[in-house]
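# with the input below, show me the fold.
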Amino acid sequence: MRPAAHGFLLGLVLFVLGGGLAAVGVYIVTDGEIVFTAQNLVLRLQLANRGEALDAPFSSDASPVRFRIAPGASAGAIAAALFDQALIRDASLFVNYARVEGYDRRFEAGVYFLNRTQSIRQIAAILTDSSKSFISFRAPEGARIEELAALVDQNALFDFTGAEFLSLINDGAEAPTAFAAWAGLPERASLEGFMFPDSYQLPPDITPTALRDSLLRSFRERVGDDLRDAALEQNLTLHQAVTLASIVEREAVWRDEHALIASVYRNRLAINMPLEADPTVQYGLQGARGTWWPQITRADYRDVISPYNTYLHRGLPPGPIASPGLSAIQAAIYTEESEYFYFRAACDGSFYHNFAITFDEHLQNAC
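Predicted coordinates for the structure are as follows:
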C-alpha cells in the first residue's frame, strides 16, 4: 500500500476465487476507513463528466413540494419518487451519486419540503436529515379564527385545509376536555381567543388536531395558572377574562394602552354600563361586508342584531372576538385602576387615544 494523491491511501487486494481464478480489487482508505471500492471508483469516474447535470435544477419553480421517504426506502425507490414528482430529471444519476457519496446509507425516513430549484447534489444532502424540514406559522394578535384558517390555506406546506382546521375550533366543536375545564369554557364553545398568537415551528406532517393542540398548549404555558387563578379571584372565569382581553386587543394599536383601555371597560362593567365596543359590532357582522373587520357606522350600533353587539347588550359578549396577546390578557386581569369611562382616537394620527371621565369631556376630545 502506498500514499495516493490528496492524502488518500491506494491499495490493491488479490481475491482468490473458485476454480483457481483470481481478481484484483481496488480500495482507497482515508483516516482508516475504506471510502472507495472498485465499484465506487468506477461510479465516481462515470460521474466525473456529469457535474453539470448534478448541479442543474429541474426548473426555476421555487414552490415547495412535499416529499416523503418511507421507512426502509432504497435509494432507487427514493430516486423514482423524486422523478415522478418532477424534482429530478435522471433517477439513475441520483442513485449513482448517492452511492458514491454514501448518502444511500444515510437517507432518513420522514417528510421533507423540496423545490425544483434544487440540484441533485442539494436534494441528496437534504434527504439525510428530516429534522430540518418544518412549517413556519405565525398566528397574529387580534386575529379571529376564520383569519387563522385563511393563513393555513395560504401556506402550501400544510397538508390540510383551513376549513378542516376551522371545524375543530369553531362553535360546536368539542374542545379537549382538560383544557376546557381549565379555561372555564362553556359547553361546545368556540376556541376563539385561545389560539395563542405566536410564531410556531411545526413538524411537516402536522394534522389539524395537532395544530389546534399546539396553539392551545402555547396558551396554557404562556398564560399559566397564576393569571387564571387571579381572574377567578375576581369572579371571572378565564373565558370571561379572555373575552374582555380580546376587545382590548382589537381596540388598542399600541400595547402601552392596553391597561388604560381595559380599565375603561372594567369601570363600565362595574356599574352595568354598556361596553359599547366597536370591535364587537364588527365581529357581529360575521364577514357580511367582505372583510372581517369592516368600517362601521352609527346606524350599525342599532342595526347589527347580534349577541356580540355591546351597544345593544350589557355586559360581556358571549365569548372572545379574536386572539388576544399576553399583554392584553394581563391588562384585562391585572387591571390598572383609573376613573376613565370613555376613550376615543387622538386627532394627531398617532393611533393613540384620549381618555375621559365624563361624557362631556369625551365630547371635547372629538376631532
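# make it CA atoms for all contacts and neighbour counts henceforth
Will do.
# in stretch 275-291, what's buried?
For stretch 275-291, the neighbour count (16 or more other CA atoms under 10 Å) marks 275-285 as buried.
# wait, which of those is closest to Lys132?
Proximity of the buried residues of stretch 275-291 to Lys132 (CA to CA) peaks at Tyr283, which lies at 39.1 Å.
# pretty sure that closest one contacts Arg289?
No: the pair Tyr283 / Arg289 is not scored as a contact, 11.2 Å apart, by CA atoms under 8 Å.
# neighbours of the residue nearest to Leu191 when sequence neighbours are not counted, how many?
Sequence neighbours aside, Ile169 is the residue nearest to Leu191 in space, at 5.0 Å (criterion: CA to CA, 6 or more residues apart in numbering). Neighbours of Ile169 under the rule other CA atoms under 10 Å: 24.
# what does Ser218 give?
Ser218 has 17 nearby residues by other CA under 10 Å.
# can you list the low-confidence ranges for the stretch 1-150 of the chain?
By pLDDT under 70, the weakly predicted segments of the stretch 1-150 of the chain are 1-42, 45, 48.
# helices of that one, start to end?
With DSSP state H, counting those that start in this stretch as the criterion, the stretch 1-150 of the chain has helices at 38-47, 51-55, 75-84, 91-101, 120-126, 145-154.
# the closest residue to Leu202 other than its chain neighbours and Ser263, how far apart?
If the residues on either side of it in the chain are set aside, Leu202 comes closest to Ile135, at 4.9 Å by CA to CA, 6+ apart. Between Ile135 and Ser263 the computed distance is 39 Å (CA to CA, to the nearest Å).
# Asp84: neighbour count?
Asp84: 12 neighbours (other CA under 10 Å).
# what of Asp226?
Count around Asp226 with other CA under 10 Å applied: 9.
# so it is in which element?
Asp226 belongs to helix 208-233 when assigned by DSSP states H and E.
# please compute how far that helix lies from its chain's middle.
Here the centre of helix 208-233 is set off from its chain's centre by 17 Å, with CA atoms, centre = their mean, to the nearest Å.
# ditto for stretch 198-206
Worked out by CA atoms, centre = their mean, stretch 198-206 lies 5 Å from the chain centre.
# list the buried residues in it.
Across stretch 198-206, burial judged by 16+ other CA under 10 Å covers 200, 202-206.
# would you list those residues in CSV and tack on distance to Ala299?
Below are the buried residues of stretch 198-206 laid out as CSV (distance: CA to CA, whole Å):
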residue, distance to Ala299
Tyr200, 40
Leu202, 44
Pro203, 47
Pro204, 47
Asp205, 48
Ile206, 45
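# farthest-apart pair in those, please.
Taking CA to CA, no two of the buried residues of stretch 198-206 sit farther apart than Tyr200 and Asp205, at 14.2 Å.
# on that earlier part again, neighbour count: Ile135 and Ser263, which is higher?
Ser263 (24 against 18).
# what's the strand or helix carrying that one in contact with?
In the assignment (DSSP H and E), Ser263 maps to helix 258-270. By CA atoms under 8 Å, 6 or more residues apart in numbering, the surrounding residues in contact with helix 258-270 are 244-245, 248-249, 251-252, 274-275, 315, 327-328, 331-332, 335-343.
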